[in-house]
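*Asks:* the following block contains a protein sequence and its predicted model.
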Amino acid sequence: MKNTSVTFKEMKQKGEKISMLTAYDYSTAKLVDKAGINGILVGDSLGNVMLGYPDTVSVTMEDMIHHGAAVARGAENALVVIDMPFMSYQASVYDAVVNAGRLMKEGRAGAIKLEGGEEIIPQVEAIVKASIPVMGHIGLTPQSINTMGGYKAQGRDIASAKKLVRDAKLLEEAGAFAVTLECVPADLAEFVSKEISIPTIGIGAGAGTDGQILVYADMLAMFSDYRPKFVKNFANVGEMMMQGFKDYDAEVKAGTYPAPEHTYAIDPEVLAEATK
Ligand code: KIV
């Protein structure tokens with residue numbers, strides 16, 4: 001069944017948990033989709049995971065469109081959500097609508113995601129008015145790393161916990177179909193999930209949210225630059241890849257790869273004639 005922003009809301013009403021993972025390319029998107037995951041986020045975490053930046057600040061619209069379109073080609077049933085990169089929506093409502101439109105038209109997204117609460121509500125309203133489904137993202141918002149002063153849990157004091165609840169409600173009122181809660185205390189995330197009617201998708205926000213998302217390269221132990229507390233290893237793919245690369249290196253150097261079964265044959269008469 002094709003997942004959409006509408007089916008996400010229906011899943012919450014039915015009490016069904018929503019699964020999401022990131023992907024940044026066609027082949028991974030195909031695997032994630034075939035595994036039955038409800039949504040694929042083309043996260044701007046591609047800046048860290050795919051492009052080797054220390055943060056997401058340098059990610060461009062062109063990066064998001066390039067990777068987003070590849071993912072969209074591989075996703076048959078999963079809802080493809082593409083992140084709006086830093087400074088593609090903060091400066092004006094006009095920028096926000098035009099860039100969200102590009103992610104839909106050129107990236108073939110089914111929805112877009114942007115970071116922030118109260119301060120970006122006019123942008124969310126305008127994008128929703130343009131018939132583009134919006135997923136919010138509050139709590140730890142990595143695009144604001146330079147004002148947040150580090151990747152740490154949010155909403156742990158009264159003022160920031162109150163702001164989180166208020167931002168979630170404002171996003172719902174502005175027409176968002178879902179909201180990501182990143183690095184938020186579990187009890188607070190559960191409270192927010194009960195307070196709003198749209199689904200909450202947690203990452204480092206405990207088990208009380210309506211769905212979960214992880215960066216696929218984290219949960220497969222492929223990305224080792226840093227490892228957030230909330231990540232669980234579901235498979236040691238990084239280790240398997242490393243072993244495969246080492247085995248290949250050893251066989252190439254020993255001359256045991258390629259073997260006859262990996263080799264194309266030629267009629268000896270053709271070879272003799274061609275090499276006369
Ligand atoms: O960019 C990303 O991968 C994200 C998730 C961490 C939610 O925004």
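*Replies:* Everything's here; your move.

*Asks:* so what's the residue in the chain that the ligand sits nearest to closest to, chain neighbours aside?
*Replies:* Using C-beta to the nearest ligand atom, Gly43 is the residue of the chain that sits closest to the ligand, at 2.3 Å. To be clear about C-beta, it is placed using only N, CA and C from the backbone, and glycine gets the same treatment. Spatial nearest neighbour of Gly43, excluding adjacent residues (C-beta to C-beta, 6 or more residues apart in numbering): Thr22 at 4.4 Å.

*Asks:* nearest spatial neighbour of Lys113, skipping sequence neighbours?
*Replies:* With C-beta to C-beta, 6+ apart as the criterion, Lys113 has its nearest non-adjacent residue at 4.1 Å, and that residue is Met135.

*Asks:* residue contacts, the residue lying closest to Val57 once chain neighbours are set aside?
*Replies:* Taking C-beta to C-beta, 6+ apart, and ignoring the residues beside it in sequence, Val57 has Phe86 as its nearest neighbour in space, at 5.1 Å. Contact criterion C-beta atoms under 8 Å, 6 or more residues apart in numbering gives Asp44, Thr56, Val57, Ser58, Val59, Gln143 as the residues in contact with Phe86.

*Asks:* show me which of the residues you listed are buried.
*Replies:* With neighbours counted by 16 or more other C-beta atoms under 10 Å, the contacts of Phe86 contain buried members at Asp44, Thr56, Val57, Val59, Gln143.

*Asks:* make a markdown table out of the residues you listed and add pLDDT and secondary structure.
*Replies:* Below are those laid out as a markdown table (pLDDT from 0 to 100; DSSP: H, G, I helix; E, B strand; the rest coil):
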| residue | pLDDT | secondary structure |
| --- | --- | --- |
| Asp44 | 98 | coil |
| Thr56 | 97 | coil |
| Val57 | 97 | coil |
| Val59 | 98 | coil |
| Gln143 | 97 | helix |
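
*Asks:* so the residue nearest to Val57 is in which element?
*Replies:* Taking DSSP states H and E as the definition, one finds Phe86 inside no helix or strand.

*Asks:* and Tyr89, how many residues sit next to it?
*Replies:* When neighbours are counted by other C-beta atoms under 10 Å, Tyr89 registers 26.

*Asks:* is it part of a helix or strand, or is it coil?
*Replies:* Secondary structure of Tyr89, reduced to three states by DSSP: H, G, I helix; E, B strand; the rest coil: coil.

*Asks:* for the one 5 residues further on, same thing?
*Replies:* Local secondary structure at Tyr94 is given as helix here, using three-state DSSP.

*Asks:* and the residue nearest to Gly43, what does it touch?
*Replies:* The contact partners of Thr22, by C-beta under 8 Å, 6+ apart, come to Ile40, Leu41, Val42, Gly43, Ser45, Leu46, Val49, Ile213, Leu214, Val215, Tyr216, Ala217.
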